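> Below are the sequence and a predicted model for it; my questions follow.
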Amino acid sequence: MSFILELKNISKTFGSVLANDRISMCVEKGRTHALLGENGSGKTTLMNILFGLVKRDGGGIFLHGKPAVIESPLDAIRQGIGMIHQEFMLIPQLTVAENILISVMEKDRKSSLKDARARGEELALNFALKDKLRIPVEQLSVGERQKVEIVKTLHQGADIIVLDEPTSALTPQETEHLFEMLNNLTLTGKTTILITHKLEEVRRYSDDVTVLRQGRSIATMRTGDTDKYLLAEMMVGRKLLFTLNGKKTAPGDVRVRVEGLSLNDRGREVLSDVSFTVRGGEILGLAGVDGNGQQELSDILAGVRKPTKGGYLIEGLPVPFGARRLADNGVSYIPGERHNLGCASQLSIEQNLVLKTYNNRAYASFGVMRQNRIRSAADALLKEYRIKAQSGEVVVSLLSGGNVQKVILARELSAHPMFLICVQPTRGLDIGAVEYVRNSLLAARDAGVSILLVSTELDEIFALSDRIAVLCGGKIAGTLENTPELDAARIGLLMAGGTAPSERYEAGGTSI
Ligand SMILES: Nc1ncnc2c1ncn2[C@@H]1O[C@H](COP(=O)(O)OP(=O)(O)OP(=O)(O)O)[C@@H](O)[C@H]1O
Ligand SMILES: [Mg+2]
């Protein structure tokens, strides 16, 4: 058997963290190869080594059976390797055409600009990006940006395309579309390596799968010979139950009352007259296709953004505007965009963990931080949330994607909020961590917290919510009890903008 790519005994340490421990992996041409592993198990590091972004300590890379020298991304690109990162690497102010064009100028300075442009535009055409060529990248949706990344990589001549969690920010429709595109690429002989935490994606879209655990490769198998239980066990090293243990007691009285929230953004009606309630000990799921006002609504409730009209009350008292004052009113926020809003990447984990409570007496006296107390509180959270890091002093920007998310969760849940707003709380987490976070949310609910769960993943909404509200075009299209009889199609219909006759009387929100 000849492989297009072989990684042999790749090792890498960062300080005392052994991120890759003699990892070997073989990839066949024209196939989709999934790379699976818990948060911090070394997936991104391994692929960054292949792409020349991280220098390995030991081991070798072989392309078509021959040793390859890859010291920089440019080396990788020249040898037909492309990588699409968790955080995109496009230049937001430049247009789609410009982004595609500059990507090849580095590689091949000799080819004429005209040729390069023509080839780039032809590729863009194949990917239905023709209308977008002259538009700045910052105006595109996440799905479209990703398409630009793929076109860019192909234009650079990639035969092997690595995608690091490509679907974590995509809607289900965009996800379908992405895999259709990737499937067409493998049919033309391209090889894709797919990092994902979603076992369903591995099952449906990959041919082979390699599992990493704690920096080691556990096995490579044909996907068809595995199932989700086996994969989970290989990843985590123990059996996962895939069950949730919330007790579901009857919710209490209405605690959070959102009244007539509207937002007009430069003439566009982003939210119109949104009203709903959340009781104590209740999870209200907010379903909807991404881009229907969820982001703006959560930002307003969290005090990051001002509404044009309306407001909300907790326990009958109006909640003042502003993030700081919100924190004092018992509101916690887990934003969907973890890098800018969620945490301060340049600060340490412990500093991030006490960000909300820094002027709490336990942590500061007379304006001086009590470092020891901060440290021991942070250490306890690191352990409880299984955050993988050498110590609490590590800067957050060095953590693996999932571990950043765990830091935010730990901080917000440990603040014992009355009202918790969480947007895509399990995005980017491995399956063990997903189980843990979901159980933590259910436990918080059972302890009486009111939770607004915003998610584009219907599975998550159904698994956790007591009631489900659907946001469509900035309006609440309906609110339904989440009973076992609830038909997913009804929610789907509301998400798509339809209102079933029986739901009409509920339109507008509060069905209590
Ligand atoms: N530049 C760095 N400096 C220090 N530690 C690092 C650096 N890059 C990665 N690490 C550490 O190496 C380990 C592996 O990280 P990596 O990003 O490869 O994990 P991952 O499998 O991609 O995880 P995730 O699923 O959360 O994205 C982690 O413990 C991480 O904190
Ligand atoms: Mg990663």
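The structure has been received and is ready for your questions. All values reported here derive from a predicted model rather than from experimental measurement. Numbers count the residues shown, from 1 in each chain. Ligands and ions are numbered 1, 2, ... in the order given.
> tell me which parts of this protein are close to ligand 2?
44, 400-401 (C-beta under 5 Å from the ion). The way it works is simple: take the backbone N, C-alpha and C, and place the C-beta from them, glycine included.
> Need these in a markdown table (columns: secondary structure and distance to residue 224).
Below are the residues of the chain next to ligand 2 laid out as a markdown table (DSSP: H, G, I helix; E, B strand; the rest coil; distance: C-beta to C-beta, whole Å):
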| residue | secondary structure | distance to residue 224 |
| --- | --- | --- |
| 44 | helix | 26 |
| 400 | coil | 29 |
| 401 | helix | 28 |
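> Quick one: the strands in the stretch 351-500 of the chain, in order.
Secondary structure of the stretch 351-500 of the chain by DSSP state E, counting those that start in this stretch: the strands cover 364-365, 368-369, 419-423, 450-454, 467-472, 475-481.
> Can you flag the weakest of those by average pLDDT?
Across the strands of the stretch 351-500 of the chain, strand 364-365 has the smallest mean pLDDT, namely a mean of 58.
> Which residues are in contact with the spatially most central residue of the chain?
The residue lying closest to the centre of the chain (C-alpha atoms, centre = their mean) is residue 427, at 3.6 Å. Contact analysis of residue 427 by C-beta atoms under 8 Å, 6 or more residues apart in numbering lists 168-169, 336, 338, 405.
> Also residue 298?
Going by C-beta under 8 Å, 6+ apart, residue 298 touches 333, 335-336, 421, 423, 452, 454.
> let's go with 7 Å and repeat that
Contact analysis of residue 298 by C-beta atoms under 7 Å, 6 or more residues apart in numbering lists 335, 421, 423, 454.
> Among the residues you listed, give me the pair with the biggest separation.
335 and 454 (9.7 Å; C-beta to C-beta).
> Quickly list what's touching both of these two.
298, 423.
> Please say which of those two ends up with more neighbours.
residue 454 (26 against 23; other C-beta atoms under 10 Å).
> Touching, that one and residue 286? I think so.
Yes: contact criterion C-beta atoms under 7 Å: residue 454 and residue 286 qualify, at 4.6 Å.
> What is the burial count for whichever residue of the stretch 151-300 of the chain sits closest to ligand 2?
Among the residues of the stretch 151-300 of the chain, residue 164 lies nearest to ligand 2; the distance is 5.9 Å by C-beta to the ion. For residue 164, the number of neighbouring residues by other C-beta under 10 Å comes to 21.
> Return the backbone torsion pair for it.
Residue 164 adopts backbone torsions of phi -90, psi 110, taken as degrees, to the nearest 10.
> if I pick it, what's in contact with it?
Going by C-beta under 7 Å, 6+ apart, the list of residues near residue 164 reads 44, 47, 84-86, 195.
> what about 8 Å?
By C-beta under 8 Å, 6+ apart, residue 164 lies in contact with 43-44, 47, 83-86, 195.
> Likewise for residue 131?
By C-beta under 8 Å, 6+ apart, residue 131 has no neighbours at all.
> what does the model give it for pLDDT?
83.
> Spell out which residues of the chain are next to ligand 1.
Within the chain, the positions near ligand 1 by C-beta under 6 Å from any ligand atom are 14, 17, 19, 37, 39-45, 388-389, 398-403, 430.
> can we see that at 8 Å?
12, 14-15, 17, 19-20, 37-46, 48, 54, 86, 164-165, 195, 197, 212, 215, 388-390, 394, 398-404, 428-430 (C-beta under 8 Å from any ligand atom).
> Assign a three-state SS to residue 170, would you?
coil (DSSP: H, G, I helix; E, B strand; the rest coil).
> one step back: determine which two of the contacts of residue 427 are furthest apart.
169 and 405 (12.6 Å).
> Please say which of the two ends up with more neighbours.
residue 405 (26 against 23).
> Contact partners for whichever residue of the chain sits closest to ligand 2?
At 3.2 Å from ligand 2, residue 44 is the closest residue in the chain, using C-beta to the ion. Going by C-beta under 8 Å, 6+ apart, residue 44 touches 86, 164, 195, 400-401.
> Just the buried ones from those residues?
86, 164, 195, 400-401 (16 or more other C-beta atoms under 10 Å).
> Selection in ChimeraX covering whichever of the residues of the chain next to ligand 1 are buried, please.
The ChimeraX command for the buried members of the residues of the chain next to ligand 1 (criterion: 16+ other C-beta under 10 Å) is given here:
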select :12,17,19,20,37,38,39,40,41,42,43,44,45,46,48,54,86,164,165,195,197,212,215,388,389,394,398,399,400,401,402,403,404,428,429,430
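> State the number of residues packed around residue 244.
By other C-beta under 10 Å, neighbour count at residue 244 equals 13.
> typo on my end, it should be residue 231
Every residue meeting other C-beta under 10 Å relative to residue 231 is counted, giving 22.
> isn't it right next to residue 209, touching?
Yes: with contact defined as C-beta atoms under 8 Å, residue 231 reaches residue 209; the gap is 7.0 Å.
> Which neighbours do these two have in common?
36, 202.
> Output the below-cut-off pLDDT ranges for the stretch 351-500 of the chain.
Low-confidence segments of the stretch 351-500 of the chain (pLDDT under 70): 355-370, 498-500.
> could you pull out the helices for it?
For the stretch 351-500 of the chain, helices defined by DSSP state H, counting those that start in this stretch occupy the ranges 371-384, 401-414, 431-446, 458-464, 488-495.
> Give the buried residues for the fourth one.
By neighbour count, and taking 16+ other C-beta under 10 Å as the criterion, the buried residues in helix 458-464 are 458, 460-464.
> Can you name the residues in contact with that helix?
Contacts of helix 458-464 with the rest of the structure, by C-beta under 8 Å, 6+ apart, involve 172, 244, 246, 283, 285-287, 426, 438, 441-442, 453, 455, 468, 482, 486, 488, 491-492.
> Could you find the lowest-pLDDT member of the contacts of residue 164?
Scoring those by pLDDT puts residue 86 last, at 75.
> Skipping adjacent residues, who's closest to that residue in space?
Closest residue in space to residue 86, ignoring its immediate chain neighbours: residue 164 at 4.8 Å, by C-beta to C-beta, 6 or more residues apart in numbering.
> Next: residue 28.
Per C-beta to C-beta, 6+ apart, closest to residue 28 is residue 3, 5.9 Å.
> is it true that the one you found lies in a helix?
No: assigned with three-state DSSP, residue 3 falls outside any helix and is coil.
> Hmm, residue 403 is touching residue 39, no?
Yes: when contacts are counted by C-beta under 8 Å, residue 403 is listed as touching residue 39 (5.4 Å).
> residues shared between the contacts of the two?
Residues within reach of residue 403 and of residue 39 at once, by C-beta under 8 Å, 6+ apart, are residue 388.
> Report how many residues lie close to residue 303.
Residue 303 has 19 neighbouring residues, counting by other C-beta under 10 Å.
> where does the residue nearest to the centre of the chain fall, phi/psi-wise?
phi -60, psi 130.
> Look up how far residue 104 lies from it.
32 Å (C-beta to C-beta, to the nearest Å).
> before we move on, what about residue 480?
51 Å.
> Repeat that for residue 66.
With distances taken as C-beta to C-beta, residue 66 is found 25 Å from residue 104.
> same thing with residue 64?
23 Å.
> Neighbour count: those two, which is higher?
Taking neighbours as other C-beta under 10 Å, residue 64 and residue 104 compare with residue 104 leading, 21 against 14.
> Hmm, residue 116 and that one touching each other?
Yes: Residue 104 is in contact with residue 116 according to C-beta under 8 Å; the separation is 5.2 Å.
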